[in-house]
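**Student:** kindly return the folded structure for what I paste below:
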Amino acid sequence: FFSSRRRHTRYISVTGVQTCALPIWAYKESKKIPEINEDRAEDAATMLFKQTGAQFVAIFKVNQMFGTRVLYRAYTKEGREKSVEGIDVGLFSQNPANNADLIKLMENEVPCSEYKEPQSEIGLWYMAQGVTYTCRTSVPPDSFKFFGQITVGWKDRPESVEQAKTMLGIAASMLTRKGP
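**Tutor:** I've put the predicted structure just below:
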């Protein structure tokens, strides 16, 4: 073994091939990233249904280090929809509209717009719910601390998009795990 001062990683030569411990470091670092307060997911979804008249609520776990965005919980007015949970739609994609929304989320904006075509595999589920309008917010509702996402969809544009954005901010706060 020897250390490299430049990269702060360890290397080992195995049959003449150098292997790097960087993946192990990345995994350990990813464990330090804050996570969604899982105990509050159903409460947040229930509040959003009641306060905004949403058709669905989707809660994603985001890991920027690994470029993942996994649907953690999916709810319709009838209850939890487990068939789509666990799908990783990735962070950035080939879809410019999706990428533009992600940048807005990272800047603590709440993008809301008509939903005319699916932006991902989960988007197909949104469409199956009859959704034509969506809003997204980051968890937590703070710039550059993007470790979760809430997407809410409606059959028609909500009467008050501003109220929907306010309720999304409250839901994002509910899902933000406070310190130890």
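**Student:** who are the packing partners of the longest helix seen in the chain?
**Tutor:** Counting residues, the longest helix found in the chain (DSSP state H) is helix 161-174. Judged by 3 or more C-beta pairs under 8 Å, 6 or more residues apart in numbering; DSSP states H and E, helix 161-174 is in contact with helix 41-52, strand 112-114, strand 133-139, strand 148-154. In this view, the C-beta of every residue, glycine as well, is placed from N, C-alpha and C.
**Student:** Pro118 belongs to a helix?
**Tutor:** No - counting by DSSP: H, G, I helix; E, B strand; the rest coil, Pro118 is not part of a helix but coil.
**Student:** isn't it up against Gln129?
**Tutor:** No - assessed by C-beta atoms under 8 Å, Pro118 is found out of contact with Gln129, at 11.5 Å.
**Student:** what ranges in the chain fall below the confidence cut-off?
**Tutor:** By pLDDT under 70, the low-scoring segments of the chain are 1-33, 143-144, 178-180.
**Student:** residues near Gln94, how many?
**Tutor:** 8 (other C-beta atoms under 10 Å).
**Student:** so how far is Met106 from it?
**Tutor:** Distance, Gln94 to Met106, using C-beta to C-beta, to the nearest Å: 19 Å.
**Student:** same thing with Ala41?
**Tutor:** Taken as C-beta to C-beta, the span from Ala41 to Met106 is 22 Å.
**Student:** who's more crowded, the two?
**Tutor:** With neighbours defined as other C-beta under 10 Å, Ala41 and Met106 compare such that Ala41 has more, 21 against 16.
**Student:** so how far is Glu162 from that one?
**Tutor:** Ala41 sits at a distance of 24 Å from Glu162 (criterion: C-beta to C-beta).
**Student:** next one: Phe60
**Tutor:** Where Glu162 is concerned, Phe60 sits at a distance of 23 Å (C-beta to C-beta).
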